[in-house]
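Peer 1: just the structure for this:
(chains A, B, C and D)
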Amino acid sequence: MDIFDGFPLLSLLIFLPFFGAVFVFLIPQTPGKTEKNIKNTALFIAGCTFMFSLLIWGQFDPSLGSYQFVENKEWLPGLNIRYSLGIDGISLFFVLLTTSLIPLCILGSWESIKHQQKEFLIFLLVLETFILGAFCVLDLLLFYIFFEGTLIPMFLIIGIWGGERRIYAAFKFFFYTLTGSIFMFIAILFLYFKTGTTSIPDLALYPFESSLQVWLWLAFFASFAIKLPMFPFHTWLPEAHVEAPTVGSMILAGILLKMGGYGFLRISLPFFPEASYRFAPYVCGLSIIGIVYASLVALVQRDIKKLIAYSSIAHMGFVTLGIFTFQREGLNGSILQMLSHGVLSSGLFLCVGILYERVHSRDIEAYGGIVSFMPLFSVFFMSLILGAIGLPGTAGFVGEFLVILGTFQVSPLMVVGAGFGIILSAVYMLGLYRKVVFGPVEKIRFQKLKDLSMREGSLLFFFVGCMFWMGLYPNSFIGALHQPISKILEYYGRQQDALVPIFKMKNSIVFNEREL
Amino acid sequence: MVIFGMMFYLFAGLTLLSAFLTLIARAPVHSALWLIFMFLNGAGLFVLLGSELLAMIFVIVYVGAVAVLFLFVVMMIKPQREVLKKEIKWYKRIPVLIGIFFGSEMVFILGGWSFVPVASTLDQLPSRVQISNTTAIGNILYTHYAVLFEIAGFILLGAMVGAIVLTKRAPKERYRQKMSDQVLEKKKNRIKICHVDIRKGV
Amino acid sequence: MKNFFSFFYQEIQSFCGRDLLFFGEMIFKILMVILPLLLGVAFLTLFERKVIAAIQLRRGPNVVGPFGILQPFADGLKLLHKEIIIPHRANKFLFLLAPIFTFTLALSVWAVIPFGFKQSISNINVGVLYVFAVSSLSVYGLIIAGWASQSRYAFLGALRSAAQMISYEVSLGFVIVTVVLCAGSMNLQEIVLAQQKFWFVVPLFPMFFIFMVSAFAETNRAPFDLPEAETELVSGYNVEYSSMPFALFFLGEYANMILMSVLGTIFFLGGWLPPFECRPFTWLPDGAWFGMKVLILLFVFVWVRATFPRYRYDQLMRLGWKFFLPFSLIWVVLTAAFVVFLKESGSL
Amino acid sequence: MGTILRDLLCFIPELTLGGLILIFLGGAVFLKKETQGSVLFGKVMFGVLGMVGILVLLQNLEPLYIFNRLFISDTYTIFVKVLVLSITICIYSFSFSSLKSEKVIGVELYVFILMALLGMFMVIGSNDFLSFYLGMELQNIAFYVLVSFKKDSLKNNEAAIKYFILGVVASGIFLFGASLLYGAVGSLNFQDIGNVLGASTLESSSGIPYALFGAGVGLLFIMVSFLFKVSIVPFHMWAPDVYEGSPLPIVAFLAFAPKVVILSVILRLWALLFSETTVFVASSVLKVFPPMIMGASLLSIIVGTFGAFGQSNIKRFLAYTGISHMGFVVLGISLGNYSGMHAALVYLLSYIIMGIGFFASLGALRYPPGFSRIGIVKDLSDLKGLSKTHPGMSFSLAILMISFAGLPPLIGFFSKLYLLLSLIETGFVGIAILGGLSSVVAAVYYLRIVKDLYFEDAEVSLEVVTPLSFFIPLFLSLGGTVFFCIYAEPVLLYVSILMKMLLGR
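Peer 2: Okay, the predicted model is just below:
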């Protein structure tokens, strides 16, 4: 820690991919000659970023409650808006998730992106910069900038390298998110006008009036709920996933969705405890509806990608459910659920991508019996599917279990719904696996299928390894999460005494009045 | 003197009347002529105000120069009445509306008109009693507003060059008289004296 | 109410007294100018014919009255007797308005002309501008006449004459500006009085030349009589006119000719001033000197007509825009600089 | 004599411009061939513009009233003059080649560019409605000619006539307003008007009910003519047609320079008459002004945004987007406080920075020989698939479009940020939300261009003509667009100093 004092570690981490992108931009593109160079350079840069984030993890002190690696500089003169960075336990893991996924994505796109590879890699690296920035900043406006900045590269990735209806999907993705964000933007400006600052740590301490909190909370909710996506705002996600290229889906499901959850944790909960508390029942209700609805919809999907997309919505339902229980277990669970979903869903999308490259179909009915030709693939696919179902020992289990534990303390009724969702997930996931991997070999062309190459195998191995690590030893994450979660709960505790009576009268869901 | 009052109402009434007739006259030429008549009456009003210089310049510039060109153009075009009538029908209402708007506004303003008391101290013009108004205008135009006068010159230059640029076409092959060539022409270049033998031809 | 009536009564009284006298005086003055002027116009035609005849070694009109002196009256009576013919498709009102307009304008300029010291109908400060304004209006008479007669020839003639008059008015204006610069006033009386030391024809001789040539063009006189070039346009804008309307045009034109001579006299030849301010010259009254100078200039008009062939139209335009205008512009600048210089050095 | 010398010294850039106009005009006479002359003058122009720029920069920063307070020279005027000059230089440097391809090159072109510049300098420095009017007329006349330079094209003739007639109407309205104002106030000097109006409100309590009415209506007319010039909604009709008919570089010139100039004067007047520091506004008829202008600007945001939707012609598209952007700027001004005006100026600057890059890029795109159309690219749909043939060009276009759409972290975002922030500060949260939503709608059509560039396949393979001088404006614009978020301090500080100076704080 000492040697890095005063050294802009986070800035370097954030902008390393960006400079990498500039570097890649400068490499001339001659088809068939320099493509290898471009790919290698991009991979090297992404790897360096990953190493760098590991270094930060090593330097991170989980016992401290405050933000670490803080940078704070004058940025916009005239306005009291500063360039301030810093991470705590929550951000740390999202950063790690991002930095680890991007090199995997580059490897994943090694063969599948056929044209305009250079642009693709540039967009990917720029996207990484924006995502890392969003997770590291301690200033609301800066957060908004990075949050919104991710839209463009993603829009382009879906639009350029996507499937047939890519343009429709890209625009839908873009405008859903942008519309939500505008409300957030106005809310941020309003916050700034009200308090004179946009610093996240300062704002968390600011006591807002309750009527104001409601509107501001709703504004932020609009953005995060669309991004996450929550049940009524989810319609963009299946489209985007289906039309995006494999890597696009990986990033979308793996990282971008998490920004919504991160936003809830970082902004909605600490800033507006009262409003969060008031709206919690509705959010939880929506989450449950979302989980069950998405699972049911997933049951009838014929498109593999769409199925996984709907399962993502269900999983994200667990995240919001966990967050809005205001229990330590629930919060822990939701964060772990996000992390595990990050690994699992991107792994699953990679699997689908691998299949699609070979068969050129996403229709479940088109597959069958590939276990005979791709045994190795089937093994990896199986373990990822088990993880998605939430089998004990996998990453999915820890998250879902903790969320349900947290929910149980608040309302057993909701647990029933969530549990129903888990059961349904087992049904559709295993059904998918059965139809795709097992069964009779009806199509002759399957006989030409090759098993995983070295690259693909190692990629999937990495995903599966991560998954088991999370599932078997979640404490390596939970330890660092302790302090920030305590802080969130502290805000919440401050409000609780005053609020509980109102809450009880108005809502049928009875919260546990346990001292926190 | 009553005569001045009468003259004022005469000029003012004729100004309004001819302005109105300018609008409703059928033939464009008549419109132009009414416009000219309106200018003349305006000049008359200026005379009554005691600013004879402006009156004369008004006549010279507007009547003597601008309106003549108007009349030129109007006389030379033959509007296609039937087509115009159809197209104009709708547009006719707009000027009426604008007219009503401006008219009511004028009534509104003038009905409650009062000068800001401080305003009289800001007057730049010297008193008209002591010197003739040509001198007064000259004095202020070439001292206080000299720069603006120069800018006005530039505006006119721009307008002139612009008009020439826009109307000039690339010169085609045509015969032009060059007087100097004609004058400088020598006899020997034009006339060749030949001695022609009889029955031989040239 | 009572106040109002008493005010009105007073006004009426003053109108009957002072104003009526004023009006009477005015009308008398106007008649004193116009009647001689019309007579002058009448005899100018005779003068012209006699002079041209003399130049061409003829006798000229010599039948009506002694030496043909009553010839103008005979011509006038003939015109009066003729029928006023109005073309079938002509705009009747404008057709008749045009000659009246022309004639009225030709007469109204004379309101400010000084015939002697303080001898003018109205002595206004902007006399020069008034003259210029009214003479610039005279274009309208021509183009209205041309347009209203609904005849191609007439219209073409009108356009020609209008273009010609406007073109030359510009350089005429600059000529007058030089005069005004030298005199330091736009009052015609003062312009004359400023020439007591020397006539402006001396320092401004080129301007005098331009003035005279422009005056030919302004009055549509030879060698610039293109609008009524008989050989191409029959008779120009007044081809459809006959009888009294035609006479009015005719009178107006000749009145303009006299006017131009008068202006030349006032601007350049010292108006009513005698050539030298000493005894034998000052015996003659102001009016006599004035009349003589005007007669000399009128003679020049006639002389030029008898001598020069007609210009071509493009040559006419070129002369106006490309020679006279730049030249007079430069001269204006020079004069202004010179006047300022003299004023600064205190010698003027 | 001393003051005259001082005044003339302050006027050196204008005098230089005037002299150069005359020299160019005179020089054109002695050049043998027109094309040869235009090439020569074209090269001289760079030097000329640069020289004038240096002369402007050498001016005194202290506020000076020159020529009997007809003109003013201070930091603000110098700033705007330099801004206008740099716009001219940028547009000129990329337009030189494209003007050749549109066949409108001629010696007179340079004369009229200089003349427009002279007029604009006059307007910027004006401290009196009379000097303002004359400057504006000079500028207008130059623009009337520039707009109608392509005299053989029917579209161009239509554009020229429309621009001319509406411009003249605007001038007429201005004059009417100015005469009413003069009648009521007795002076056309900006400061005098402010003083008189201020003094008269104090007296109005003692029984002068309509003291300000004439002045108010006069100012209303003047404002209307201003809005005509910056194409704010009820008076915007000319912009699409005129843009469509005129050659692209001239459209670029027309789209930025006069608007900047007029807006700079509006800012000065607004600071003087309607800002929060002027007490008399609240208690008089003048108080209807800010809401009225705000309504107009909102309308123009909406009309511009939705009008741009259906456009396929690039220039029409630009006209409509220009209308909506100008709406944002005027919205900021109409707030009348420091933050609003600051935001307006920042917005204007960012619009210029992005717009110049966009125009420069468009100017470089030509139809290939043998195609059914010739010259500079005309339809938005012709940009399809540009990324495959010209990745660099389409990349820069995409960045500019994204910035136009107001997405972070590019300059377009920051300008909107400042504007919305000032709206919220003044208490117009609803309008801020409206503005935000309209920018989402605007993002649709900006991103449609990005879509065309990247997602579609090419129908025409456009040619890219990039002379060396083309890169100057493009790089300036791209640099400004991308790096504003990193280092905007000097610009923002300077703008805030200017606004404080205008508001007298």
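
Peer 1: mind listing the helices in the stretch 301-450 of chain A by residue range?
Peer 2: For the stretch 301-450 of chain A, the helices defined by DSSP state H, counting those that start in this stretch cover A:304-323, A:328-359, A:375-389, A:395-410, A:412-437.

Peer 1: switch those over to TSV; also include mean neighbour count, mean pLDDT and distance to chain B.
Peer 2: Bear in mind the C-beta positions are built from the backbone N, C-alpha and C, glycine included. Listed next are those as TSV, based on neighbours: other Cβ atoms under 10 Å in any protein chain shown; pLDDT from 0 to 100; distance: least, Cβ to the nearest Cβ, whole Å:
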stretch	mean neighbour count	mean pLDDT	distance to chain B
helix A:304-323	27	91	56
helix A:328-359	25	89	62
helix A:375-389	21	90	68
helix A:395-410	24	87	67
helix A:412-437	18	88	65
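
Peer 1: who wins for proximity to A:Ser100 among these?
Peer 2: Minimum separation from A:Ser100 across those (Cβ to Cβ) falls at helix A:328-359, 8.6 Å.

Peer 1: re earlier: quick check: which of the helices of the stretch 301-450 of chain A is nearest to D:Leu138?
Peer 2: Counting by Cβ to Cβ, D:Leu138 lies closest to helix A:304-323 out of those; the figure is 63.4 Å.

Peer 1: so what does the closest one touch, helix or strand wise?
Peer 2: helix A:236-243, helix A:257-263, helix A:273-299, helix A:328-359, helix A:395-410, helix A:412-437 (3 or more Cβ pairs under 8 Å, 6 or more residues apart in numbering or on different chains; DSSP states H and E).

Peer 1: Throw these into JSON lines and include distance to D:Ile124, thanks.
Peer 2: Output for the helices and strands packed on helix A:304-323, formatted as JSON lines (distance: least, Cβ to Cβ, whole Å):
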{"stretch": "helix A:236-243", "distance to D:Ile124": "49"}
{"stretch": "helix A:257-263", "distance to D:Ile124": "46"}
{"stretch": "helix A:273-299", "distance to D:Ile124": "50"}
{"stretch": "helix A:328-359", "distance to D:Ile124": "56"}
{"stretch": "helix A:395-410", "distance to D:Ile124": "64"}
{"stretch": "helix A:412-437", "distance to D:Ile124": "67"}
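
Peer 1: chain D is nearest to which of those?
Peer 2: Minimum separation from chain D across the helices and strands packed on helix A:304-323 (Cβ to the nearest Cβ) falls at helix A:236-243, 11.2 Å.

Peer 1: mind checking pLDDT for residue 84?
Peer 2: Looking at chain A here, since you left the chain open. The score at A:Ser84 is 88. That number is its pLDDT.

Peer 1: to clarify, I was referring to chain D.
Peer 2: Reported pLDDT for D:Val84: 93.

Peer 1: residue contacts, it?
Peer 2: D:117, D:120-121, D:124, D:257, D:260-261 (Cβ atoms under 8 Å, 6 or more residues apart in numbering or on different chains).

Peer 1: switch to 6 Å and redo it
Peer 2: D:120, D:257, D:260 (Cβ atoms under 6 Å, 6 or more residues apart in numbering or on different chains).

Peer 1: nearest to D:Ile4 among the residues you listed?
Peer 2: With Cβ to Cβ as the yardstick, the closest approach to D:Ile4 among those comes from D:Met120, at 24.2 Å.

Peer 1: domain assignment for chain B?
Peer 2: B:1-78, B:132-163 (automatic domain parsing).

Peer 1: adding distance to chain C, write the helices and strands packed on helix A:304-323 out as CSV.
Peer 2: Output for those, formatted as CSV (distance: least, Cβ to the nearest Cβ, whole Å):
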stretch, distance to chain C
helix A:236-243, 73
helix A:257-263, 76
helix A:273-299, 78
helix A:328-359, 82
helix A:395-410, 93
helix A:412-437, 93
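
Peer 1: about what we covered before: which one of the domains of chain B lies closest to chain D?
Peer 2: Counting by Cβ to the nearest Cβ, chain D lies closest to domain B:132-163 out of the domains of chain B; the figure is 3.7 Å.

Peer 1: grab the nearest non-local neighbour of whichever residue of the stretch 51-200 of chain A sits closest to chain B.
Peer 2: Relative to chain B, the nearest point of the stretch 51-200 of chain A is A:Gly78 (37.4 Å; Cβ to the nearest Cβ). For A:Gly78, ignoring the flanking residues on the chain, the nearest one in space by Cβ to Cβ, 6 or more residues apart in numbering or on different chains is D:Ser496 at 5.4 Å.

Peer 1: tell me, how many neighbours does the one you found end up with?
Peer 2: 18 (other Cβ atoms under 10 Å in any protein chain shown).

Peer 1: tell me the secondary structure at it.
Peer 2: At D:Ser496 the chain is in helix, as set by DSSP: H, G, I helix; E, B strand; the rest coil.

Peer 1: how near is it to A:Ala314?
Peer 2: Note on D:Ser496: its distance to A:Ala314, by Cβ to Cβ, to the nearest Å, is 51 Å.

Peer 1: how about D:Gly480?
Peer 2: In terms of Cβ to Cβ, D:Gly480 sits 46 Å off from A:Ala314.

Peer 1: equivalent analysis for A:Ile160, please.
Peer 2: 29 Å.

Peer 1: dihedrals phi and psi, whichever residue of the stretch 351-500 of chain A sits closest to chain B?
Peer 2: Closest residue of the stretch 351-500 of chain A to chain B, Cβ to the nearest Cβ: A:Arg362 (58.7 Å). The phi/psi pair for A:Arg362 (degrees, to the nearest 10) reads phi -110, psi 0.
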